[in-house]
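Asks: After the sequence you'll find the predicted model.
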Amino acid sequence: MFGADAVYPVGYEGTAKTKGLMSIYTINQMLGLIEKSQPDIILHESQSQTIPNDSGGLKQYPVAQNELILACQADAYILCVSCEDSVEYVRRTIAYLESIYPSEVIAIALSPLKKSLRWSVLSQKKNVVSEEEERAAVNQFQGLGIPIYIWRKEEQFTEMVQKCIDYFCEA
């Protein structure tokens, strides 16, 4: 949304080699350096999967994502979700994010992409959902009581950015 002052590349084909407490220490150190420049706001982002969808194996555990969450100690989150995510999974993710530190999920960003079902993860394709599927997803997530913004609608993206700015100006 605003540019990047530092990058900690974890996740798929990431190059960060630290793990555990050293990751948390390294990320904290990066944030400290950014903070010295006295920015109005510090944003960070993470790869998908804040909490596991299931306990299908160790590779399903979002360890790197949780190291980032622990290190950043965010005040607020914009949670990116897929039309294919279940309301229960999103609800659990919100509960986790809002409980690990005093923080709030202030917006949900709805991705217009869905995975094509294939036998191999390596051959999965992503397609854009129809507007009907998008409306159904918005309807299903509205009960969470958090504003929902659709990525592919530029005016909504602008509203989401303003929501983020307003949240911190009012705090």
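Replies: Cool, the structure landed.

Asks: Now do the same contact list for Lys163.
Replies: Ile106, Ala107, Pro147, Tyr149 (Cβ atoms under 8 Å, 6 or more residues apart in numbering). Quick note: C-beta positions are derived from backbone N, CA and C, even for glycine.

Asks: do you know how far it is from Thr50?
Replies: Distance of Lys163 to Thr50, computed by Cβ to Cβ, to the nearest Å: 20 Å.

Asks: what are the ranges of the helices in the chain?
Replies: Applying DSSP state H to the chain gives helices spanning 20-36, 63-72, 87-100, 131-142, 154-170.

Asks: Outline the domain layout of the chain.
Replies: As assigned by automatic domain parsing, the chain contains the domains 1-73, 75-171.

Asks: Could I get the ones you listed in TSV, plus columns for mean pLDDT?
Replies: Formatted as TSV, those follow (pLDDT from 0 to 100):
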stretch	mean pLDDT
domain 1-73	83
domain 75-171	87
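
Asks: what about Glu155, how many neighbours?
Replies: Residues near Glu155, counting by other Cβ atoms under 10 Å, number 9.

Asks: which ones are touching the nearest residue to Ile94 once chain neighbours are set aside?
Replies: Spatially, and ignoring its direct neighbours in sequence, Ile94 is nearest to Val105 (4.8 Å; Cβ to Cβ, 6 or more residues apart in numbering). Shown in contact with Val105 (Cβ under 8 Å, 6+ apart): Ala76, Tyr77, Ile78, Leu79, Ile94, Leu97, Glu98, Ile146.

Asks: Quick one: buried ones out of those?
Replies: Ala76, Tyr77, Ile78, Leu79, Ile94, Leu97, Ile146 (16 or more other Cβ atoms under 10 Å).

Asks: Apart from its neighbours in sequence, what residue is nearest the second one?
Replies: Yep, that's Tyr77 we're talking about. Val105 (4.7 Å).

Asks: The third one too?
Replies: The spatially closest residue to Ile78, leaving aside those adjacent along the chain, is Ala107, at 4.6 Å (Cβ to Cβ, 6+ apart).
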